[in-house]
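**Q** Give me a model of this one.
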Amino acid sequence: MKTDALIELLARGAGPAPRAVAARRLWPAAALGLALSALLALTLFGPIPASMYATPVPWMKLAYAGTLAAAAGWLTARLARPVARLQVPRLAVPAVIGVMGLLGLLVLMAAPSGDRWVVLLGYSWRTCPRSILALSLPALAAVLWAVRGLAPTRPRAAGFAAGLLAGAVGALGYALSCPEVSAAFVAVWYTLGIGLTGALGALLGPHVLRW
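**A** Here you go, the predicted model:
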C-alpha cells in the first residue's frame, strides 16, 4: 500500500481536529492550582483585612498576577504544541512585567528619598519570593502534568513558561494574604517569586516533559 493511501485510510472518518486542546488541559490545571494556593495562603498566613479591598492595593496585585498568568498561559499553550507561532505570546509576558515595573518605578520615584528603601523592601521582602514559590508548587505540578499530555518539542522552554504560569497563580493566592501596599514592592519581589518558579519549571521541563 502506498503511503498516501495509508494516510487516507487512517484519517478516514476522523472528523475535524478538536479546537483549543491545550487550553482545555491548561486552564483546569491552573484553576486547581489557584484553589490550592489560595487555600494554603489563607490557612498559613491568614487573610488581609477586609478594609484593604476598599483600596486599590489588593486589586493592583491581583490584576498584575492575573494578567501575567493569562500571558504565561498563552505562551505555555503555544509551547505545548509543535510548530506553534511564538512571536506575539513571547512578547506578552515581558510586556506585562514591563508595565508593572514602570508603575513600580513611578511609585518609587514619587516617594520621599528617605522612604524609598521602605517603599521598595516593605516588611516582607525576605520571605515574599519564597512564599510565592512555595504556594506555586501545586499549580506547577498540575500545569506540568497538563503540558506533558500534549506534545511539547522544547521541554525546557515549555517548562519555563509553565513555571511562569504557576508562579503567577501562586502570586494570585499570596495576594489574598499579603499586607504590602507598594507597587514597587510588587514589581520586584512578586516578579522574583514568579521568576523563581519559572526557573524551577525550566529545570524540571527536560525531565518531565519528554515524550
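
**Q** Kindly list the main-chain dihedrals of the residue nearest the centre of the chain?
**A** Against the mean C-alpha coordinate of the chain, by C-alpha atoms, centre = their mean, the closest residue is residue 165 at 2.1 Å. For residue 165, the backbone dihedrals (degrees, to the nearest 10) come out as phi -60, psi -50.

**Q** cool, residue 56 as well?
**A** Here residue 56 shows phi and psi, under degrees, to the nearest 10, equal to phi -70, psi -10.

**Q** cool, residue 48 as well?
**A** phi -70, psi 160.

**Q** what number of residues lie near it?
**A** 18 (other C-beta atoms under 10 Å). Bear in mind the C-beta positions are built from the backbone N, C-alpha and C, glycine included.

**Q** Next up, the contacts around it.
**A** 58, 176-179 (C-beta atoms under 8 Å, 6 or more residues apart in numbering).

**Q** Also residue 73?
**A** 23, 26-27, 30, 165.

**Q** one more time with 7 Å
**A** With contacts defined as C-beta atoms under 7 Å, 6 or more residues apart in numbering, residue 73 is in contact with 26, 30, 165.

**Q** From residue 97, how far out is it?
**A** 15 Å (C-beta to C-beta, to the nearest Å).

**Q** Quick check: buried residues in the host helix or strand of residue 98?
**A** For residue 98, the host element (DSSP states H and E) is helix 87-110. For helix 87-110, burial by neighbour count (16 or more other C-beta atoms under 10 Å) applies to 89-90, 92-93, 96-97, 100-101, 103-104, 107-108.

**Q** so what does that helix touch, helix or strand wise?
**A** In terms of contacts (3 or more C-beta pairs under 7 Å, 6 or more residues apart in numbering; DSSP states H and E), helix 87-110 is packed against helix 57-79, helix 116-121, helix 183-185.

**Q** I'd like these laid out as a markdown table, including mean pLDDT.
**A** Below are these laid out as a markdown table (pLDDT from 0 to 100):
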| stretch | mean pLDDT |
| --- | --- |
| helix 57-79 | 95 |
| helix 116-121 | 94 |
| helix 183-185 | 97 |
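
**Q** Determine which of those helices approaches residue 159 most closely.
**A** Smallest distance to residue 159 across the helices and strands packed on helix 87-110 (C-beta to C-beta): 8.9 Å, for helix 57-79.

**Q** The contacts of residue 48 in helices, which ones?
**A** residue 58 (DSSP state H).
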